[in-house]
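Student: need a 3D model of the sequence below.
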Amino acid sequence: MYEKTFFYIFAGLALLTASGVVFSKNLVRAVLFLVIVFIATAVLWLLLKAEFLAVLLALIYIGAVLVLFLFVVMIFDIKANSNEKQFNLFVAVGISMAGMLASILIYVVAIHGFKLETNFAFAKQMVGQSELVHIGDLLFTKYLVPFEMAGVLLLTAIVAVIGLTMKDHKE
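Tutor: Coordinates of the predicted model:
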């Protein structure tokens, strides 16, 4: 009973603050809204009995990535684009995408109904295993190639960022 209530509260909070990220013209406030989105999402992971993923979300995204975003925004003093015509175009595209997503969600709920499941589909396979052992088993067997591709993509991004920042130095 309480799980559904908490789910609706934190899902609504995540949706509201995500819209705050999109529509905020102040970049520091947008990053702070994003922190709240990730906290609400971590609580949703906890409600789904995925404690490891909730802690991982909190440590990596809130603890590292968003602090870096906030640091970059505050150091470089990035100003929001003041072009009102371009902003209106982005708002129109965003609203149309949100409308399409809402229509898909309504269609799926109308066909299949809405059931709040507190276990993952693979929970039957996890009998006798901890969540971390099962995630590691899946990550290094079934999903090894996408995992390695993500690592190569992140390494490429790191090298590109270093290359872009070091272009001013002659050494």
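
Student: same for the worst-scoring helix or strand of the chain on mean pLDDT, what does it pack against?
Tutor: The helix or strand of the chain with the poorest confidence is helix 66-76; it has a mean of 73 (mean pLDDT, DSSP states H and E). Helices and strands touching helix 66-76, by 3 or more C-beta pairs under 8 Å, 6 or more residues apart in numbering; DSSP states H and E, are helix 27-47. From N, CA and C alone the C-beta is placed, and that goes for glycine too.

Student: just checking, next helix/strand downstream of the helix it packs on?
Tutor: Using DSSP states H and E, the helix or strand that follows helix 27-47 towards the C-terminus is helix 51-56.

Student: quick check, residue 10 in contact with residue 37.
Tutor: No. Contact criterion C-beta atoms under 8 Å: residue 10 and residue 37 do not qualify, at 10.3 Å.

Student: who has more neighbours, those two?
Tutor: residue 37 (22 against 18; other C-beta atoms under 10 Å).

Student: for the helix or strand hosting residue 92, the distance to its chain's centre please.
Tutor: Assigned by DSSP H and E, residue 92 belongs to helix 84-112. From the chain centre to the centre of helix 84-112 is a distance of 18 Å (C-alpha atoms, centre = their mean, to the nearest Å).

Student: check stretch 4-20 too.
Tutor: 14 Å.

Student: quick one: mean pLDDT over that stretch.
Tutor: Stretch 4-20 carries an average pLDDT of 91.

Student: output that stretch as PDB, nothing but the C-alphas.
Tutor: Extracted in PDB, the C-alpha atoms of stretch 4-20 (Å, rounded to 0.1, in the frame of the first residue of the first chain):
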ATOM      1  CA  LYS A   4       2.400   2.600  -4.500                       C
ATOM      2  CA  THR A   5       2.000   5.900  -2.700                       C
ATOM      3  CA  PHE A   6       5.800   6.400  -2.500                       C
ATOM      4  CA  PHE A   7       6.100   5.400  -6.100                       C
ATOM      5  CA  TYR A   8       3.600   8.000  -7.300                       C
ATOM      6  CA  ILE A   9       5.100  10.700  -5.100                       C
ATOM      7  CA  PHE A  10       8.700  10.100  -6.300                       C
ATOM      8  CA  ALA A  11       7.700   9.500  -9.900                       C
ATOM      9  CA  GLY A  12       5.700  12.800  -9.900                       C
ATOM     10  CA  LEU A  13       8.700  14.600  -8.300                       C
ATOM     11  CA  ALA A  14      11.000  13.200 -11.000                       C
ATOM     12  CA  LEU A  15       8.700  14.300 -13.800                       C
ATOM     13  CA  LEU A  16       8.200  17.800 -12.300                       C
ATOM     14  CA  THR A  17      11.900  18.400 -11.700                       C
ATOM     15  CA  ALA A  18      12.800  16.900 -15.200                       C
ATOM     16  CA  SER A  19      10.500  19.500 -16.700                       C
ATOM     17  CA  GLY A  20      12.400  22.100 -14.500                       C
END
